[in-house]
Structures are given as C-alpha cells and as structure tokens.
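Participant: Here is my input, please return the structure:
(one chain, ligands or ions: 2)
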Amino acid sequence: MAEMKQHFLEAARAMEAEMTAWRRELHQHPELGFDLTFTREFVRARLEEMGCEPVPCGEGLTVLLGKSGGKTILLRGDMDALPVEEEADVPYKSQCPGKMHACGHDMHTAMLLGAAKLLKDNESLLEGQVKLMFQPAEEILAGSSNMIEHGVLENPHVDGALMIHVTTGVPIPKGTLMIPEGGTGSASSDHFRITVKGKGGHGAMPNLSVDPITALAHIHLALQEIHAREITPGDFLVITPGIFQAGNASNVIPDTAMMEGTIRAGSVEMVDFARKRLTEIAEGTAKVFRAEAQVEFLASCPPMIADNEMSDSARRYLTELLGQAVLPPMGGSKIGGGSEDFAFVSVKVPTIGLFLGAGNANEGFLYPQHHPKARFDDSVLYIGTASYAYFAYRWLAEHK
Ligand SMILES: [Zn+2]
Ligand SMILES: [Zn+2]
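Facilitator: Numbers count the residues shown, from 1 in each chain. Ligands and ions are numbered 1, 2, ... in the order given. Okay, here's the model as predicted:
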C-alpha cells in the first residue's frame, strides 16, 4: 500500500499546474443552477482529452471507469456557482457580472477532473467500477435529485458514494481533511417564502389600508420565538430570512410584502416541526394585523447522513494517504449549518462527505464560503484529487 499511496500522491502532484489552470478558468466563468453551458462543455472536453467517455445524465455528466463485475463507488463533484458579485482580489476574478464561485465548486470540478485522469491512467488497478458524477445545481438543491431521477445510482448500481467539499474562512487548516463520524453530517435545508397580502393605499391614510409591511415585520420577530422558546436548548435549528421586500415609494402603502429564507435542522422531525410552526406563526400573525399570509416551501433537502462504515473506511484509507493531515474526529455537536444536496444520495446509498481545508483565517483566508470576498487556495487541489482517487482504489480493493 505504501507504494500505491506514493504513486497516487505523486501523480496528483504532477498535475498541479494543470488543475490550477482548470480551476482558474472555471472560476472566471461561473454559471448558475442548471445553466452550465460553458462549464459542462469544459468538463466534457477535458474528459475526452484524457480518453474518458463522459455521458450526459440529466443536466450533469457521468464517467464510468474500471472493470465490471465488482462493486461500484461513486465520486461527486458539483459545478455550479452563486449569484454573488465577486469582490475577492484575485487575478482570475469572475468575468461574469453577478456570478461567483463563492462556494468553491470550481475547486471540486477541477479536483474531480484530476481524479478522472488519475483513475483513467491507473484503470487496470481498479477492482470494480468508479462512477464520476459531475453535478449541476447544488446551490439550488436540485442537481443531485435531477441526476438521481436520470439514473445516476443505477446501471451499474452504486454501492457507496463519496463527496469532498472545500472550506475557507473556518478553522480547518489548509490541506487537511475533516472526516465526519457516522450520523447526521450536515443540516437539512428548506427554502421558504412568506407573502403577506394587505391592501395598498396612500401613505398619509393608513387607516384606509392594510399595511403588509407591519404584519411582515411582526412575523419576522415572532419567528425568533421558535428558536428562543419552543425547542430544546442544544437542539440544532436555524431559521434565517435572507430576503425581505416590499414597496417602491416612500409614501405608498404596498399591497404585498414578501420574505424568503432558509430553515436548517438536524433531523427530519425538527424540519417538520419548524415548517409547521413557521406556517402557523406567519398565518396567525398576519391575521392579527388584518392581513393574510401565504407560506410556500420552494426547495428542500434532507439532512446529510454519514454512513458509519464509509466514515471508517475513509479515515483508514486517507490516513494511509495523508497521515497527520487527516484531522481526529470531532467531539460534541457535529452538525454543520451548511446544507448539501448530496443528502439525497446519502439517504439512498452509504455515503461519506469530507471537508478539505482550503484556507482559514490564520492563513489569511478571512471570509467564509458564499461571501463576495471568499478565496480558496489552489495548492490543496492535488490533495483533493489524490483523496478521491485513492479512496476509490482502496475501497474497491476491500469491497469485492
Ligand atoms: Zn454553497
Ligand atoms: Zn457548496
């Protein structure tokens, strides 16, 4: 094994310059959701250059490597960006106004492309099959379901799955891997919208109107009580409104006011509770102020489940590969507030999601993911690539 790990690490390292160039090219051309014309074409072209045969699967791409007869392990890299105007001071800044790879999915795409090359070059060593999943639309929590609907987990049937997410601005040292223990790994996510309908009118005559802004403001405050007064202290729940909109003129009471936000929870029961109470509070509070609230849930994904056996395997193989660069298991609360739409895969096949440090505050990476000034260090790409590839190679060797 010592020889093989050296081989994978060195081969990944030899691709560093190439992977950095891929990542920076992708970073300059961020695309959103399913609308990944440039990105998908870029990925397809690189894969074909390597001798891989990418196949469309829904709005994503898959590649199958290895030999049939054994088990199949799936490796996922997501490809989409965020509707954020980039403010990071980097020479390869986004060239698309209002769009930015602020979550690091450009890193994931480059790392998985690197893994494709590594695995293709070592295909004869694989004792089963590796399925690469280049996924769209993670940020809108729709991409992995789209690929599941189009059969990504079948033909051949997938027996286990691994994803890696880079981190920045959080206390994970650069180049180290964090491997969650079995259990709930990341929170659920529910995107909600509350629309309050009042009755518009002249700003000077509120008595003739029903002001939806007042009602929505009271709803916003009342929602804080779910967390403060209704759940067991220590249970994981976040309710954050990120959009609050109403009106176009300072002297006009608008007809409607609207809020959108996100619910993050650590269990399916908590999600159900939060959705129910949010609806009751919005409808009840609006009624108090003579208005009407309509609550919609626009997108949803379950909590991400880390499989015990996959977690153990990942820890063993990747400690072999990287030694001290694999962090010890965390004690206490393990649920991260960030959600991950690979959760849809994790409820169907044994899954593990790893985190790879790509810069923290002490190293000068001050801003967290999704921030317009977030930066990610390219120098960890080879570690991600080697981890993807070595994990797949080792997992197949041990699961025949
Ligand atoms: Zn994100
Ligand atoms: Zn992400």
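Participant: For the stretch 251-400 of the chain, give me the ranges with low pLDDT.
Facilitator: Residue ranges of the stretch 251-400 of the chain with pLDDT under 70: 330-337.
Participant: where exactly do the strands run in it?
Facilitator: 252-253, 256-265, 292-301, 304-306, 336-339, 351-357 (DSSP state E, counting those that start in this stretch).
Participant: Can you list the buried residues in the third one?
Facilitator: Pointing back at strand 292-301 there. For strand 292-301, the neighbour count (16 or more other Cβ atoms under 10 Å) marks 292-293, 295, 300-301 as buried. No exception for glycine: its C-beta is placed from N, CA and C like everyone else's.
Participant: now swap in the second one and tell me
Facilitator: Residues of strand 256-265 classed as buried: 256-265 (neighbour count, 16+ other Cβ under 10 Å).
Participant: Export these to CSV and append columns for distance to residue 322.
Facilitator: Output for the buried residues of strand 256-265, formatted as CSV (distance: Cβ to Cβ, whole Å):
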residue, distance to residue 322
256, 54
257, 51
258, 47
259, 44
260, 41
261, 38
262, 33
263, 36
264, 30
265, 33
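Participant: Next, give me the two most distant ones among those.
Facilitator: 256 and 265 (28.0 Å; Cβ to Cβ).
Participant: which SS state does residue 48 fall under?
Facilitator: helix (DSSP: H, G, I helix; E, B strand; the rest coil).
Participant: residues near the closest residue in space to it that isn't next to it in sequence, how many?
Facilitator: Excluding the flanking residues, the one nearest residue 48 by Cβ to Cβ, 6 or more residues apart in numbering is residue 54, at 6.8 Å. Residues near residue 54, counting by other Cβ atoms under 10 Å, number 21.
Participant: domain assignment for this protein?
Facilitator: 2-185+302-398, 189-301 (automatic domain parsing).
Participant: quick check: angle from whichever strand or helix holds residue 116 to strand 351-357?
Facilitator: Residue 116 belongs to helix 105-121 when assigned by DSSP states H and E. Angle between the axes of helix 105-121 and strand 351-357 is 110 degrees (criterion: axes from the mean of the first three to the mean of the last three Cα atoms, to 10 degrees).
Participant: Check which residues of helix 105-121 are buried.
Facilitator: 105-120.
Participant: And that helix, what does it pack against?
Facilitator: helix 2-14, helix 16-28, helix 37-49, strand 60-66, strand 72-78, strand 129-135, strand 160-167, helix 381-398 (3 or more Cβ pairs under 8 Å, 6 or more residues apart in numbering; DSSP states H and E).
Participant: quick one: which of the buried residues of helix 105-121 is nearest residue 376?
Facilitator: Using Cβ to Cβ, those come closest to residue 376 at residue 107, 5.4 Å.
Participant: Tell me which residues touch the nearest residue to that closest one once chain neighbours are set aside, please.
Facilitator: In space, and not counting its chain neighbours, residue 107 is closest to residue 166: 4.7 Å by Cβ to Cβ, 6+ apart. Applying Cβ atoms under 8 Å, 6 or more residues apart in numbering to residue 166 gives the contacts 104, 107-108, 355-358, 376, 380, 384.
Participant: Widest-spaced pair of those residues?
Facilitator: 108 and 357, at 14.1 Å, using Cβ to Cβ across the contacts of residue 166.
Participant: and the gap between residue 205 and residue 211?
Facilitator: Relative to residue 211, residue 205 is positioned 11 Å away (Cβ to Cβ, to the nearest Å).
Participant: And the two? Which one has more around it.
Facilitator: residue 211 (23 against 9).
Participant: how close does that one sit to residue 101?
Facilitator: 41 Å.
Participant: ok, residues contacting stretch 389-399?
Facilitator: 1, 4-5, 8-9, 12, 66, 70-71, 73, 75, 114-115, 118-119, 122, 125-130, 159-160, 162, 313-314, 317-318, 320-321.
Participant: and what of stretch 49-60?
Facilitator: By Cβ under 8 Å, 6+ apart, stretch 49-60 touches 34, 36, 40, 43-44, 47-48, 61-65, 79, 116-117, 120, 133-137, 143, 146-147, 149-152.
Participant: tell me which residues of that stretch are tucked away?
Facilitator: 50, 52, 54, 57-60.
Participant: can you put those residues in CSV and add distance to residue 85?
Facilitator: As requested, the buried residues of stretch 49-60 are exported to CSV (distance: Cβ to Cβ, whole Å):
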residue, distance to residue 85
50, 34
52, 35
54, 31
57, 32
58, 29
59, 25
60, 26
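Participant: ok, the nearest residue to residue 151 once chain neighbours are set aside to residue 391 distance?
Facilitator: Among residues not flanking residue 151 along the chain, residue 57 sits closest, at 6.7 Å (Cβ to Cβ, 6+ apart). Going from residue 57 to residue 391 by Cβ to Cβ gives 21 Å.
Participant: related to what we said a few turns ago, residue 288: which of the buried residues of strand 256-265 is nearest?
Facilitator: Of the buried residues of strand 256-265, the one sitting nearest to residue 288 (Cβ to Cβ) turns out to be residue 257, at 14.9 Å.
Participant: From what I see, the closest one and residue 245 are in contact.
Facilitator: Yes. Here residue 257 reaches residue 245: they are 7.0 Å apart, a contact under Cβ atoms under 8 Å.
Participant: what distance separates the start and the end of stretch 250-266?
Facilitator: 41 Å (Cα to Cα, to the nearest Å).
Participant: Centre of the chain to that stretch, how far?
Facilitator: 25 Å (Cα atoms, centre = their mean, to the nearest Å).
Participant: Kindly report the same for stretch 278-288.
Facilitator: Here stretch 278-288 shows a centroid-to-chain-centroid distance of 31 Å under the convention Cα atoms, centre = their mean.
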